[in-house]
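Asker: please find the sequence and the predicted model below.
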4 protein chains.
Amino acid sequence: MPAPTEIEPEEADRKRGDKGRRILDAAIEVFAEKGFFNATVAEVARRAGVADGTIYLYYKGKDDLLIRLFEQIMQMINEKLESATRDVPKATDRLRAVAAAQAELVVETPAFAEVICVELRQSSKFMKEYENPGFKRYLAFLAEIVEAGQKRGELDPSMDPHRVARSFFGALDELHLSWCLARKTRFDLRQASREVTEIFVRGLVAP
Amino acid sequence: MPAPTEIEPEEADRKRGDKGRRILDAAIEVFAEKGFFNATVAEVARRAGVADGTIYLYYKGKDDLLIRLFEQIMQMINEKLESATRDVPKATDRLRAVAAAQAELVVETPAFAEVICVELRQSSKFMKEYENPGFKRYLAFLAEIVEAGQKRGELDPSMDPHRVARSFFGALDELHLSWCLARKTRFDLRQASREVTEIFVRGLVAP
Amino acid sequence: MPAPTEIEPEEADRKRGDKGRRILDAAIEVFAEKGFFNATVAEVARRAGVADGTIYLYYKGKDDLLIRLFEQIMQMINEKLESATRDVPKATDRLRAVAAAQAELVVETPAFAEVICVELRQSSKFMKEYENPGFKRYLAFLAEIVEAGQKRGELDPSMDPHRVARSFFGALDELHLSWCLARKTRFDLRQASREVTEIFVRGLVAP
Amino acid sequence: MPAPTEIEPEEADRKRGDKGRRILDAAIEVFAEKGFFNATVAEVARRAGVADGTIYLYYKGKDDLLIRLFEQIMQMINEKLESATRDVPKATDRLRAVAAAQAELVVETPAFAEVICVELRQSSKFMKEYENPGFKRYLAFLAEIVEAGQKRGELDPSMDPHRVARSFFGALDELHLSWCLARKTRFDLRQASREVTEIFVRGLVAP
DNA sequence: CATGAATGAGCATTCATTCAT
DNA sequence: CATGAATGAATGCTCATTCAT
């Protein structure tokens, strides 16, 4: 039985909806559209339907908003990837599942992709304090797939799993970005993603 | 024998030295260190040894500085790649040469890499006006290598050359970025680059 | 035997304890520590153990809190001074008693002194509306002592009693402030106060 | 022969007048009128006839403005006091000269007095970093007068010179403040100051 | 060409106050 | 009475850009 406070989610989305969440969603939108630096806190507040000051009741500041937003998205991605690969034994199939799930997410919620593709790198370099645990987990997850595949004798054991993970992410991410940017002439991202994945898969299997 | 561009460094260091160039070099440094948005025009001027206003005699503004800087770096990369692949017939070897030349550039001048890795994406997305011809040429160059290889029967013809180019760039770029960020524990970028290239090469060759 | 005002401390600490008083006490603390402008209503509420909004049930606003706090402290001072001088006939002894009582108060409750020394002047100047009756009564009380002493032939009649009152206050107040500020190397305020009082007493007696 | 740039001070006061000085003068005015916390940087800029940002070319920030303003005023006071007492041998006469010079300054430039009377105390307490050397010099100067007088056998040697200095300042300062506040019914500050000084002088002389 | 002082729009953040519960 | 989440006006400060010299 659902708790009374969670009944009628539609109404909840209006006024009483979790403001913290509405702010984060607004931030994702705005950061995706304008980029972190060009975005203003006021615009996020406006889009979330709250007062400027309210944001500071939920987040420490603009930076914190970005960080929490990364965590939010990366957690979603990580969960999706884990569930997409849960019952897949072969490393190559797991990689395929990963790429497919990510492409799915990009197509469904391009805002996530735009933030990750563009802002993630900024943050890595300029938010000195921030460890970016969500992204680390993502890379570790990919690396584990590769490592497990190597142990199973499925993948070429000579490659550093973390390096492979990183470049696989880079290849997919660049593809996602180019898809996001090509607002007019959208190619079939799922198909393109499969192609790129096949390159990696073929390149990774033990000779 | 000094390289042609470095003739008469004394004159270059004087007042009459090419200010436009000094400004651009300073901008690369500063943008690499702080990022485009965190960098200030004043800091670029200071580093270039010119007055703030002088920058506006050579460039239209901060944005223009970034654009010209992209062109500058991409031209250098493109030239380097072209010369590195000029007499190489096989597509796979050309890709290897490309990756090696780029890794070389990153190791030699990390500032270039940091700007490209981090700021290029910003610009793609937020500098609406800017077509980024240098980067287009880069991608086209890579795509041509792939296409030529396909025509020669060397590479699998089923893949879209532009897509391959894009993901190859993405894979290498991500590797370069991770190398740039890992200030302390620098891995062997050249070796890592070779590994990743081999994955692509194996994945691309015609079955 | 507990003092009448401190009967039943348990009840006082509860929800039903005089909230208005707890708020005022908290305000004295906070204003003394941070100063009126640097203090926040939220901090006062926190320290008083009430909600922010509750303060507005007892006081009109932050300004009102300062005003009521002045009245509170000045009333305490005035009462103390009156009782300290009640049975003292000579003006010089009354002044001595006044200074002693004030020094006592400062040493016992430095927070009072810090508020009076620092904030009183602000209020005189910037809270246009506020007449500061407590401080007026204080000055009048001092002036009366001087005037009575003059009538009794004890003190030099040529001085304006109000002016004397004002500068006597100023001299003592500055001493109190310097004592409050000297957190580390606390001098003997009572002794210093006696010294300064003697200067005034000697200076005031009829030649 | 005056330097060319200093000819025509009237014109200099308009546009080309030392902006740093004009800003400081404006700050004195505004801080005297509204108090440090109620004053806005924008108002100071407006009053100085410069842009908001210009203030930050001359001062580190609002705090710095207050500090530099203190130094400015205290230096003026200290210089005036030194010149007023230069050829005065007797300590009592020196104290009289000090009080007279200060009263003069207050009457001539009440803004100085208002800032010193009200803001000095704030700063002592809340600008943790700031040592307030100008005020220290002032107190030291007064203390030296007293000490010298004690050594000459002119003043009672039993009093701590620094304490005397502090309370003398307090007595005068309170008088100055009350004069500044009494906009309508202005009493004769010079006369009042003399009266108060006589109290101190009589109280201080060796018995 | 070169300068750098001056500009002022723009923005993140704070906090006194309100009001629905 | 009491709460505390929400508000939004207010403000110190930055920095790209201009322009008189």
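Answerer: Received the coordinates, thanks. Residues are numbered from 1 along each chain as shown, chains lettered A, B, ... in the order given.
Asker: which parts of chain A sit against DNA strand F?
Answerer: With Cβ under 7 Å from any atom of the strand as the criterion, chain A meets DNA strand F at residues A:19, A:49, A:50, A:51, A:52, A:53, A:54, A:56, A:57, A:58. Backbone N, C-alpha and C define where each C-beta goes, glycine included.
Asker: repeat the analysis, applying 6 Å as the threshold.
Answerer: Remark: the part of chain A in contact with DNA strand F comprises A:19, A:50, A:51, A:52, A:53, A:54, A:57, using Cβ under 6 Å from any atom of the strand.
Asker: now do the longest helix anywhere in chain A: distance to the chain's middle.
Answerer: Counting residues, the longest helix in chain A under DSSP state H turns out to be helix A:62-85. For helix A:62-85, the distance between its averaged C-alpha position and the chain's averaged C-alpha position is 6 Å (Cα atoms, centre = their mean, to the nearest Å).
Asker: ok, stretch A:198-207 next?
Answerer: From the chain centre to the centre of stretch A:198-207 is a distance of 25 Å (Cα atoms, centre = their mean).
Asker: ok, residue A:70 touching residue A:132?
Answerer: Yes - the pair residue A:70 and residue A:132 passes the contact test of Cβ atoms under 8 Å, sitting 6.6 Å apart.
Asker: and these two? Which one has more around it.
Answerer: Under the neighbour definition other Cβ atoms under 10 Å in any protein chain shown, residue A:70 and residue A:132 were set side by side, and residue A:70 has more, 21 against 17.
Asker: what sits against that one?
Answerer: With contact set as Cβ atoms under 8 Å, 6 or more residues apart in numbering or on different chains, residue A:70 has these partners: A:115, A:116, A:119, A:120, A:123, A:132, A:134, A:135.
Asker: what is the burial count for the last one?
Answerer: The burial metric for residue A:135, expressed as a neighbour count using other Cβ under 10 Å, is 20.
Asker: from residue C:149, how far out is it?
Answerer: Applying Cβ to Cβ, to the nearest Å, the value for residue A:135 to residue C:149 is 81 Å.
Asker: thinking again about what came up before, what is in contact with residue A:70 and residue A:132 at once?
Answerer: Shared contacts of residue A:70 and residue A:132, defined by Cβ under 8 Å, 6+ apart, are found at A:120, A:123.
Asker: how about the strands in chain A?
Answerer: Defined through DSSP state E, the strands belonging to chain A form an empty list.
Asker: what about the helices in it?
Answerer: Counting by DSSP H, chain A has helices at residues A:9-11, A:19-34, A:41-48, A:52-58, A:62-85, A:91-108, A:110-126, A:133-151, A:161-181, A:189-204.
Asker: pLDDT on the second one, on average?
Answerer: Mean pLDDT, computed over helix A:19-34, is 95.
Asker: that one close to chain B?
Answerer: Yes - using Cβ under 8 Å from any Cβ of the partner chain, helix A:19-34 comes into contact with chain B via residue A:34.
Asker: tell me what that helix is packed against?
Answerer: Using 3 or more Cβ pairs under 8 Å, 6 or more residues apart in numbering or on different chains; DSSP states H and E, the elements in contact with helix A:19-34 are helix A:41-48, helix A:52-58, helix A:62-85, helix A:110-126.
Asker: now the longest helix of chain A - C-alpha only, CSV.
Answerer: Output of helix A:62-85 as CSV, limited to C-alpha atoms (Å, rounded to 0.1, in the frame of the first residue of the first chain):
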residue,chain,number,x,y,z
LYS,A,62,25.6,26.4,-8.1
ASP,A,63,28.6,24.0,-7.9
ASP,A,64,26.8,21.7,-5.6
LEU,A,65,23.9,21.7,-8.0
LEU,A,66,26.2,20.4,-10.7
ILE,A,67,27.8,17.8,-8.5
ARG,A,68,24.5,16.4,-7.3
LEU,A,69,23.3,16.4,-10.8
PHE,A,70,26.2,14.3,-11.9
GLU,A,71,25.7,11.9,-9.1
GLN,A,72,22.0,11.7,-10.0
ILE,A,73,22.6,11.0,-13.7
MET,A,74,25.6,8.7,-13.2
GLN,A,75,23.6,6.7,-10.6
MET,A,76,20.8,6.3,-13.1
ILE,A,77,23.2,5.2,-15.8
ASN,A,78,25.0,2.8,-13.5
GLU,A,79,21.8,1.3,-12.4
LYS,A,80,20.6,0.9,-15.9
LEU,A,81,23.8,-0.6,-17.0
GLU,A,82,23.8,-3.1,-14.1
SER,A,83,20.3,-4.2,-14.7
ALA,A,84,21.0,-4.4,-18.5
THR,A,85,24.0,-6.7,-18.0
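Asker: for the contacts of residue A:70, which one is nearest DNA strand F?
Answerer: Proximity of those to DNA strand F, judged by Cβ to the nearest atom of the strand, is greatest for residue A:123, which lies at 17.9 Å.
Asker: count of residues packed around the closest residue to the closest one other than its chain neighbours?
Answerer: Nearest non-adjacent residue to residue A:123, counting by Cβ to Cβ, 6 or more residues apart in numbering or on different chains: residue A:130, 6.1 Å away. The local packing of residue A:130 (other Cβ under 10 Å) involves 15 other residues.
Asker: distance of residue A:130 from DNA strand F?
Answerer: Distance, residue A:130 to DNA strand F, using Cβ to the nearest atom of the strand, to the nearest Å: 19 Å.
Asker: what's the answer for residue A:173, then?
Answerer: Between residue A:173 and DNA strand F the computed distance is 28 Å (Cβ to the nearest atom of the strand).
Asker: now do the contacts for that residue.
Answerer: A:116, A:117, B:170, B:174.
Asker: hmm, try it at 7 Å
Answerer: Contacts of residue A:173 were listed using Cβ atoms under 7 Å, 6 or more residues apart in numbering or on different chains, and they are A:117, B:170.
Asker: ranking the helices of chain A by burial, who's on top?
Answerer: Each of these was scored by mean neighbour count; the highest is helix A:161-181, a mean of 23, by mean count of other Cβ atoms under 10 Å in any protein chain shown.
Asker: give me the angle between it and helix B:133-151.
Answerer: For helix A:161-181 against helix B:133-151, the angle by axes from the mean of the first three to the mean of the last three Cα atoms, to 10 degrees is 110 degrees.
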